[in-house]
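Peer 1: 3D, please:
(chains A and B)
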2 protein chains.
Amino acid sequence: MKFCPDCGAPVQLRIPPGDTRARAVCTACGAIHYQNPRIVVGCVPERHGRILLCQRAIDPRRGYWTFPAGFYEIGETLAQAAARESLEEALARVQIGSLLAITHLLHAAQVHMTFRATLLDDQFGVGVESLQVGLYQESQIPWDALAFPSIDFALRCYFADRSAGREQLHFSTAERAPAASATARDSREL
Amino acid sequence: MKFCPDCGAPVQLRIPPGDTRARAVCTACGAIHYQNPRIVVGCVPERHGRILLCQRAIDPRRGYWTFPAGFYEIGETLAQAAARESLEEALARVQIGSLLAITHLLHAAQVHMTFRATLLDDQFGVGVESLQVGLYQESQIPWDALAFPSIDFALRCYFADRSAGREQLHFSTAERAPAASATARDSREL
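Peer 2: Down below sits the predicted model:
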């Protein structure tokens, strides 16, 4: 941020009184502009044991695979957002289940939140942000061509929990942009 | 947002190509500025059965009660943020436990995420954003003077789970600014 979104004057990075972090402060009107992490919300839709995956048609990571996920928008719940992304990217209607995984992407100022989900019928298709959409068995997952570490992490947790007959919430943290698909993994981090 | 944070020119609200929502688009450089919900993260610190609560010294809701909570910042995990808020508001060191509650505040474009926590010792104090800080039994909670619906919701879930001997994750949604402490409550919403 270089200019004040309220008045258009230049901003300066400085620590406001009573704060501990540098913020963008307007040199004219004095407004303080906070920047906070964004939420990316998605789900792992299952039907008859198979998982709905999309091949991305857009950057970043065009050509790589993901489950439906995208930025959380104002005016919706997290579950509504996950269902909306399934409809947009895979023309799929889903029922959202329990929260599966939270991955902190510190370098990107994002938190990825992924729910379990059920694909409600056999109807799905290729949304405008996808090249291909399909249902895949665990053995067919393209592990080497997943779009983001959070996708890899959530899918691994999903299958581990499914075979153990449990539904847990898992946390992970990625501190740097991934070279391939490296991520620090813990079931419970601090 | 009235002016472009990148170049200072006026922005216009319009739907970018391929998008479905109106965004602030710069009339000069064309940059699209997305606005997304912010995360407020907190925890319910317990020690010997009692809960650490703070009376707020700042607006909004000055004089009302809360557990330690605040805006999630760039560069930290959710659990680190919850621990940081405990240190800032109550000079308290906590160990963060499981995720307790998620409340969507649709009117405020916020998601409040609350963890269970353990207060690590008997040391705590009054942070600069607090008027008073203390440990309270369930029967001493000031239910009529809690700061936000998300605080009320998380505390009620906390005590219900504690007496049932379980740790679940609970969701709620508040669609309007609270008159007193009204919130729509569901254990699982869509």
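
Peer 1: CA only for contacts and neighbour counts going forward, please
Peer 2: Will do.

Peer 1: near chain B at all, the longest strand anywhere in chain A?
Peer 2: Among all segments of chain A classified by DSSP state E, the strand with the greatest residue count is strand A:94-105. Yes. Using C-alpha under 8 Å from any C-alpha of the partner chain, strand A:94-105 reaches chain B at A:I96, A:H104.

Peer 1: right, is stretch A:3-22 up against chain B?
Peer 2: Yes. Stretch A:3-22 lies within reach of chain B by C-alpha under 8 Å from any C-alpha, at A:F3, A:C4, A:P5, A:D6, A:C7, A:G8, A:A9, A:P10.

Peer 1: Would you reformat those as JSON lines and include pLDDT?
Peer 2: Shown next, in JSON lines, are those (pLDDT from 0 to 100):
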{"residue": "A:F3", "pLDDT": "97"}
{"residue": "A:C4", "pLDDT": "98"}
{"residue": "A:P5", "pLDDT": "97"}
{"residue": "A:D6", "pLDDT": "97"}
{"residue": "A:C7", "pLDDT": "97"}
{"residue": "A:G8", "pLDDT": "97"}
{"residue": "A:A9", "pLDDT": "97"}
{"residue": "A:P10", "pLDDT": "97"}
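
Peer 1: for the very next helix or strand once past the longest strand of chain A, packing partners?
Peer 2: Helices and strands here follow DSSP states H and E; after strand A:94-105, the next one along the chain is strand A:110-119. Taking 3 or more C-alpha pairs under 8 Å, 6 or more residues apart in numbering or on different chains; DSSP states H and E as the contact definition, the neighbouring helices and strands of strand A:110-119 are strand A:38-47, helix A:78-90, strand A:94-105, helix A:149-164.

Peer 1: and chain A, which residues reach chain B?
Peer 2: Within chain A, the residues that sit near chain B (C-alpha under 8 Å from any C-alpha) are A:1-10, A:35-39, A:71-80, A:96, A:104, A:106-107, A:109, A:173, A:189-190.

Peer 1: swap the cut-off to 7 Å and go again
Peer 2: Chain A has residues A:1-9, A:36-38, A:72-77, A:79-80, A:104, A:106, A:109, A:190 near chain B, with proximity defined as C-alpha under 7 Å from any C-alpha of the partner chain.

Peer 1: Just the buried subset of those, please.
Peer 2: Judged by neighbour count, with 16 or more other C-alpha atoms under 10 Å in any protein chain shown as the criterion, the buried members of these are A:1-9, A:36-38, A:72-77, A:79-80, A:104, A:106, A:109, A:190.

Peer 1: what about A:A81, neighbour count?
Peer 2: Residues within reach of A:A81, counting by other C-alpha atoms under 10 Å in any protein chain shown, total 24.

Peer 1: The closest residue to it other than its chain neighbours: what's it in contact with?
Peer 2: Across the structure, with C-alpha to C-alpha, 6 or more residues apart in numbering or on different chains as the measure, the residue nearest A:A81 apart from its sequence neighbours is A:Y72 (6.0 Å). Applying C-alpha atoms under 7 Å, 6 or more residues apart in numbering or on different chains, one finds that A:Y72 lies in contact with A:I39, A:V40, A:V41, A:L78, A:A81, B:N36.

Peer 1: got those residues as JSON lines, with distance to A:A154 and pLDDT columns?
Peer 2: Below are the contacts of A:Y72 laid out as JSON lines (distance: C-alpha to C-alpha, whole Å; pLDDT from 0 to 100):
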{"residue": "A:I39", "distance to A:A154": "15", "pLDDT": "98"}
{"residue": "A:V40", "distance to A:A154": "13", "pLDDT": "98"}
{"residue": "A:V41", "distance to A:A154": "12", "pLDDT": "98"}
{"residue": "A:L78", "distance to A:A154": "16", "pLDDT": "98"}
{"residue": "A:A81", "distance to A:A154": "17", "pLDDT": "98"}
{"residue": "B:N36", "distance to A:A154": "23", "pLDDT": "97"}
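
Peer 1: which of those residues lies closest to A:A22?
Peer 2: Proximity of the contacts of A:Y72 to A:A22 was ranked by C-alpha to C-alpha; the top entry is B:N36 with 21.0 Å.

Peer 1: Against B:A108, how distant is that closest one?
Peer 2: Taking C-alpha to C-alpha, to the nearest Å as the measure, B:N36 and B:A108 are separated by 11 Å.

Peer 1: what's the answer for A:A117, then?
Peer 2: A:A117 sits 27 Å away from B:A108, taking C-alpha to C-alpha as the criterion.

Peer 1: Tell me the secondary structure at the residue of chain A positioned farthest from its centre.
Peer 2: Among the residues of chain A, the one whose C-alpha is farthest from the average of all C-alpha positions is A:A28, by C-alpha atoms, centre = their mean at 36.6 Å. Using DSSP: H, G, I helix; E, B strand; the rest coil as the criterion, the local structure at A:A28 reads coil.

Peer 1: give me the number of residues near A:D122?
Peer 2: Applying other C-alpha under 10 Å, we find 11 other residues in the vicinity of A:D122.

Peer 1: three-state assignment of it?
Peer 2: Using three-state DSSP, the three-state assignment for A:D122 comes out as coil.

Peer 1: Just want the angle from the longest strand of chain A to strand A:110-119.
Peer 2: If you take axes from the mean of the first three to the mean of the last three C-alpha atoms, to 10 degrees, strand A:94-105 sits at 160 degrees to strand A:110-119.

Peer 1: Output strand A:94-105 as PDB, nothing but the C-alphas.
Peer 2: Output of strand A:94-105 as PDB, limited to C-alpha atoms (Å, rounded to 0.1, in the frame of the first residue of the first chain):
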ATOM      1  CA  VAL A  94     -22.100 -30.400  -2.100                       C
ATOM      2  CA  GLN A  95     -23.100 -30.800   1.500                       C
ATOM      3  CA  ILE A  96     -20.500 -29.400   3.800                       C
ATOM      4  CA  GLY A  97     -19.300 -31.600   6.700                       C
ATOM      5  CA  SER A  98     -16.800 -31.100   9.500                       C
ATOM      6  CA  LEU A  99     -13.700 -28.900   9.400                       C
ATOM      7  CA  LEU A 100     -10.800 -31.100   8.200                       C
ATOM      8  CA  ALA A 101      -7.600 -28.900   8.000                       C
ATOM      9  CA  ILE A 102      -6.200 -25.400   8.600                       C
ATOM     10  CA  THR A 103      -3.000 -24.500   7.000                       C
ATOM     11  CA  HIS A 104      -1.200 -21.200   7.700                       C
ATOM     12  CA  LEU A 105       0.700 -19.900   4.700                       C
END
